[in-house]
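K.L.:
Prediction below, plus the sequence it came from.
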Amino acid sequence: MPCFQSSSQINDIIANLPSVDAQTQNKATSRQAELTKPPGSLGRLEEIAIWMAGWQRRDRPAIEHGQCLIFAGNHGVVAQGISPFPAEVTAQMVANFANGGAAINQLCDLANLKLDVIPLELDQPTNDLSLGPAMNEGETIAAMNIGADALDNHCDYLIVGEMGIGNTTAAAALCLGQFGADATGWVGPGTGLDDDGVKHKAKVIEAALAAQSPVAQHPVALLAAFGGRELAAIAGAVLAARMRSIPVMLDGFISTAAAATLTADKKLGVLDHAMISHLSGEPGHSRLAVALRKQPLVDLRMRLGEASGGAVASLLVRAACATHNGMATFTEAGVSGG
């Protein structure tokens, strides 16, 4: 039976999600205070270790079966001239992933993460979101189920990414539809637009809002109106991970926007199991992080997508777990505490 069956059933799932293991999290916090270092001196590595422990429900958190999921999809809105690259590049990049030639292949090897790339009907772009809904409810839920089904049975840590020409436009439209403000604050250059191109993209997004408002504040409604198959799949994977208490590292603007739909109607706690890996070079990402009340781990001026920032941040997660698990306590080391 599919994990997700209807909008109302997804509502019920969101209302009954498992919480962090507070007891294990408290143990991890206490252990951090006992390790041979001044309190807080490892900065956000301490936060990461405590977060991992609470969601993995383990005193000694670790990435043993880490998985990177990249979902690929095409978008009808590309017909509006919102990208300097044609839609054919999506399939070409999927082939590049399969051949091991992309940045994410090298980064997953380095971070020891299993990489799975899932293309979603690349020969069938979504509808042009500037004219009407990108997908219907059935298509959206089907894509969410593809995302949920992609999680390995033994996955204990997940990063998510995407590939899809035109999907920065979809991500910006999702943010405008969910969080409001002005279109110009959400759009950016994507794969290389100039200033005029960015202004045109903002107008396209404004047209989408005008054509479809009001859109219900529900994950399926938002994704159907403004998203894409790969964005819905990311949302499905992130929600399925929460159902299994798997910590998630989000990538940049696009994957964060997709996951953010799960917090519709101000349910920010739905993403308590997720961190934002890095601050994307896409201007809307900083605004989105603030809206979600999350602080990206690093700012490397990256804006590649394809889970690249999530893979880099996974090295920090491994560092956080290694120090948390391997350091001696003051008592064990015979060192006087402060």
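P.N.:
Structure's in. What do you need?
K.L.:
Over to T329: give its phi and psi.
P.N.:
phi -80, psi 170 (degrees, to the nearest 10).
K.L.:
just the strands in this protein please.
P.N.:
Applying DSSP state E to the chain gives strands spanning 66-72, 114-119, 157-163, 248-250, 274-276.
K.L.:
Redo those as a markdown table? Include mean pLDDT and mean neighbour count.
P.N.:
Placement of C-beta: from N, CA and C, glycine included. A markdown table is the format used below for the strands of the chain (pLDDT from 0 to 100; neighbours: other C-beta atoms under 10 Å):
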| stretch | mean pLDDT | mean neighbour count |
| --- | --- | --- |
| strand 66-72 | 98 | 27 |
| strand 114-119 | 98 | 19 |
| strand 157-163 | 98 | 28 |
| strand 248-250 | 98 | 29 |
| strand 274-276 | 98 | 26 |
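K.L.:
since we're on V298, how many residues are nearby?
P.N.:
15 (other C-beta atoms under 10 Å).
K.L.:
mind listing what it touches?
P.N.:
Applying C-beta atoms under 8 Å, 6 or more residues apart in numbering, we find V298 in contact with S277, H278, L279, G309, V312, A313, L316.
K.L.:
Let's see which of these end up in helices.
P.N.:
Members of the contacts of V298 lying in helices (criterion: DSSP state H): G309, V312, A313, L316.
K.L.:
Now do the closest residue in space to the second one that isn't next to it in sequence against S8, distance only.
P.N.:
Residue nearest to V312 in three dimensions, not counting chain neighbours: L107, with 6.3 Å by C-beta to C-beta, 6 or more residues apart in numbering. As judged by C-beta to C-beta, to the nearest Å, L107 and S8 stand 39 Å apart.
K.L.:
Of the ones in helices among the contacts of V298 - the most surrounded one?
P.N.:
Top of the ones in helices among the contacts of V298 by neighbour count (other C-beta under 10 Å): G309, with 31 neighbours.
K.L.:
residues contacting it?
P.N.:
Neighbours of G309 in contact, by C-beta under 8 Å, 6+ apart: D251, G252, S277, H278, S280, V298, L300, M302.
K.L.:
Weed out the non-buried ones from those residues.
P.N.:
The neighbour count (16 or more other C-beta atoms under 10 Å) marks D251, G252, S277, H278, S280, L300, M302 as buried among those.
K.L.:
Redo these as CSV? Include distance to W51.
P.N.:
Listed next are these as CSV, based on distance: C-beta to C-beta, whole Å:
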residue, distance to W51
D251, 17
G252, 19
S277, 13
H278, 16
S280, 21
L300, 21
M302, 22
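K.L.:
ok, how many other residues are close to the closest residue to P125 other than its chain neighbours?
P.N.:
Among residues not flanking P125 along the chain, N74 sits closest, at 4.0 Å (C-beta to C-beta, 6+ apart). Close neighbours of N74, defined as other C-beta under 10 Å, add up to 27.
K.L.:
Next one: E206 from A259, what distance?
P.N.:
Here E206 is placed at a distance of 24 Å from A259 (C-beta to C-beta).
K.L.:
higher neighbour count, the two?
P.N.:
Ranked by neighbour count (other C-beta under 10 Å), E206 and A259 place A259 first, with 28 against 17.
K.L.:
For the more buried one, which non-adjacent residue is spatially closest?
P.N.:
Spatially, and ignoring its direct neighbours in sequence, A259 is nearest to V238 (4.6 Å; C-beta to C-beta, 6+ apart).
K.L.:
what's near enough to touch the one you found?
P.N.:
Residues near V238 by C-beta under 8 Å, 6+ apart: G147, L158, V160, V248, L250, A258, A259, L262, L271, A274.
K.L.:
Redo those residues as TSV? Include distance to A53.
P.N.:
Shown next, in TSV, are the contacts of V238 (distance: C-beta to C-beta, whole Å):
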residue	distance to A53
G147	26
L158	16
V160	21
V248	15
L250	19
A258	27
A259	22
L262	23
L271	18
A274	16
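K.L.:
so which pair among those residues is furthest apart in space?
P.N.:
Longest distance between any two of these is 15.0 Å, between G147 and L271; criterion C-beta to C-beta.
K.L.:
So these two - more neighbours on which side?
P.N.:
Taking neighbours as other C-beta under 10 Å, G147 and L271 compare with G147 leading, 29 against 22.
K.L.:
That one and C321: what is the separation?
P.N.:
Relative to C321, G147 is positioned 26 Å away (C-beta to C-beta).
K.L.:
Distance from the chain centre to stretch 65-77, please.
P.N.:
Computed by C-alpha atoms, centre = their mean, to the nearest Å, the chain-centroid distance of stretch 65-77 equals 10 Å.
K.L.:
Could I have the CA atoms of that stretch written out in CSV?
P.N.:
The C-alpha coordinates for stretch 65-77 follow below in CSV (Å, rounded to 0.1, in the frame of the first residue of the first chain):
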residue,chain,number,x,y,z
HIS,A,65,23.8,3.7,6.3
GLY,A,66,23.8,7.2,5.0
GLN,A,67,21.8,7.8,1.8
CYS,A,68,21.7,10.6,-0.8
LEU,A,69,18.6,10.8,-2.9
ILE,A,70,18.5,13.0,-6.0
PHE,A,71,15.2,13.4,-7.8
ALA,A,72,15.0,14.7,-11.3
GLY,A,73,12.0,16.3,-13.1
ASN,A,74,11.2,18.6,-16.0
HIS,A,75,9.0,21.7,-15.8
GLY,A,76,6.6,23.2,-18.4
VAL,A,77,7.3,26.7,-17.2
